[in-house]
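Enquirer: Here's my sequence, what's the structure:
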Amino acid sequence: MTAFENGSGSDGGSGSGSSGARSPLRLSRRSLVSAMGVAAVGFSLQACGGGKGGDGDKLNFYTWDTYIGETTLADFNKASGVKVQTSYFSTNDELFAKLKAGNPGYDVIVPSNEFVTRMRQADMLMPLDLAQIPNLKNIAPEFLGQDYDPAPKHSVPYTWLVTGIGYRKSRVNGTPDSWKWLYDSDLYKGRIALLSEAADLIRLGAKYLGKSLNGIDAATIKQVEEMLIRQKPNIKTFHEDNGQDLLLAGDVDLVMEFNGDIAQIAAEDPDIGFVVPKEGSLLNADTLAIPKGAPRPELAHKFINFLLDAEAGKHIAETILYPTPNSAAKALMPESYRENPIIFPSGTGMDNSEWGKFEGPEQQRLFEEAITRVRA
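Expert: As a prediction, the model looks like this:
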């Protein structure tokens, strides 16, 4: 996975560490928005793709909470005259369900890579006109042409992320560099928090067992289920991606979380660490896409192009501390971001990591049924 190591030109998901230009707010891919800030200077209509909107123009953006630069939306408004109205979802399933019932008026959405596949198969995404997104040239080549959208035709990369273990250094014995400490040990009994999403739990359990996180058979699903049932007395909670808050507050000492989320709290607390377990983990990307039925597709393309601008991408990265696939934006960031080992992890764990693939609703159903039994 050398394309994702330090200096790779890519941007990512949930690590720890500081960019040096970081916002004083602690933000999370799925936490409550505290503030959006005021407009910065220096953006032009070229970043928007040209064409100024009228005073009444607006665009509806459906995304993860606090997953944008503090001033990005105000900057776009200043450059284009278009006001961005933002709504939030907490899981990809919520996003999918909302749009499956019919697009209520969203122009741009932020699905994760596997849901790009799922939404493409369900004919829920508009093909992009890449001629209207010239800033796509800023995206590092290794993030284009992935299996979830090989052209690309329906999405462009926004961030990337890797799931790992966030931990409090003073409370653990060395570096917890194996999924064993979350799945198969009572050493940190009552001090462990796992993500609640069924696919993550099954897949990462399969990695611990030495198997691929794609193509998991029924026997392996059952094996992971039984392991989690045995481990359940040692688990404090299954969290909704607020694990970084639990870790920062001292409620747990080990947490399954994304590198970007841990990066945010590590910037506040030097006792926080992050590791991608040696068995490997799950790589994901969050993307920008236009849902079918979008009322303002031309403005949607302008907004996507703006977000891929180098300066706009820099402001996003320095706020959310996720790794960016925008190599032009990354080049503008300080060394403390570009060389941060939580934002851009490397080593055996990354070498053994894999991109997740959407393998159909039946596989997802088996994952969810297994975790329902675990949590019952």
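
Enquirer: Sketch out the low-pLDDT regions of the protein for me.
Expert: 1-56 (pLDDT under 70).

Enquirer: what do you get if the cut-off is 90, keeping everything else the same?
Expert: Filtered on pLDDT under 90, the chain yields the residue ranges 1-56, 65-66, 90-91, 93, 145-146, 151, 240-241, 361.

Enquirer: any idea how it splits into domains?
Expert: Structural domains assigned to the chain are 21-159+285-326, 161-283+345-375, following automatic domain parsing.

Enquirer: Turn those into CSV, including mean neighbour count and distance to residue 335.
Expert: Heads up, the C-betas are built off the backbone N, CA and C, glycines and all. Output for the domains of the chain, formatted as CSV (neighbours: other CB atoms under 10 Å; distance: least, CB to CB, whole Å):
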stretch, mean neighbour count, distance to residue 335
domain 21-159+285-326, 20, 12
domain 161-283+345-375, 20, 15
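
Enquirer: Is it possible to get CSV of the ones you listed that adds distance to residue 337?
Expert: CSV is the format used below for the domains of the chain (distance: least, CB to CB, whole Å):
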stretch, distance to residue 337
domain 21-159+285-326, 7
domain 161-283+345-375, 9
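
Enquirer: and for the helix or strand harbouring residue 221, what are the contacting residues?
Expert: Assigned by DSSP states H and E, residue 221 belongs to helix 218-231. For helix 218-231, contacts defined as CB atoms under 8 Å, 6 or more residues apart in numbering pick out 182-185, 201-202, 205-206, 209, 211, 366-367, 370-371, 373-374.

Enquirer: Looking at the residues you listed, which two lie furthest apart in space?
Expert: Farthest-apart pair in the contacts of helix 218-231 is 185 and 366; separation 25.9 Å (CB to CB).

Enquirer: related to what we said a few turns ago, could you point out the helix or strand that follows the helix holding residue 221?
Expert: Trace forward from helix 218-231 with DSSP H and E and the next one is strand 235-239.

Enquirer: Strand partners (parallel or antiparallel) of that next one?
Expert: Within its sheet, strand 235-239 is paired with strand 192-195 (parallel), according to DSSP bridges.

Enquirer: quick one, the helix or strand just after the partner strand and strand 235-239 angle?
Expert: For strand 192-195, the following helix or strand on the C-terminal side (DSSP H and E) is helix 198-208. In terms of direction (axes from the mean of the first three to the mean of the last three CA atoms, to 10 degrees), helix 198-208 departs from strand 235-239 by 130 degrees.

Enquirer: just the angle between helix 198-208 and helix 218-231, please?
Expert: Using the same axes, to 10 degrees: helix 198-208 against helix 218-231 is 100 degrees.

Enquirer: what does helix 198-208 contact?
Expert: Helix 198-208 is contacted from outside by 163, 178-180, 183-184, 194-195, 212-214, 216, 220-221, 223-225, 227-228, 256, 277, 279-282, 352, 356, 364, 367-368, 370-372, 374, using CB under 8 Å, 6+ apart.

Enquirer: ok, 6 Å please
Expert: Here helix 198-208 makes contact (CB atoms under 6 Å, 6 or more residues apart in numbering) with 179, 183, 213, 216, 220-221, 224, 279-280, 282, 367-368, 371.

Enquirer: would you put the C-alpha positions of that helix in PDB?
Expert: Extracted in PDB, the C-alpha atoms of helix 198-208 (Å, rounded to 0.1, in the frame of the first residue of the first chain):
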ATOM      1  CA  ALA A 198     -21.700  -4.400  10.900                       C
ATOM      2  CA  ALA A 199     -19.500  -4.600   7.800                       C
ATOM      3  CA  ASP A 200     -16.600  -2.900   9.600                       C
ATOM      4  CA  LEU A 201     -16.800  -5.300  12.600                       C
ATOM      5  CA  ILE A 202     -17.000  -8.500  10.400                       C
ATOM      6  CA  ARG A 203     -14.300  -7.400   8.000                       C
ATOM      7  CA  LEU A 204     -11.800  -6.300  10.500                       C
ATOM      8  CA  GLY A 205     -12.400  -9.500  12.500                       C
ATOM      9  CA  ALA A 206     -11.700 -11.400   9.300                       C
ATOM     10  CA  LYS A 207      -8.400  -9.500   8.900                       C
ATOM     11  CA  TYR A 208      -7.400 -10.500  12.500                       C
END
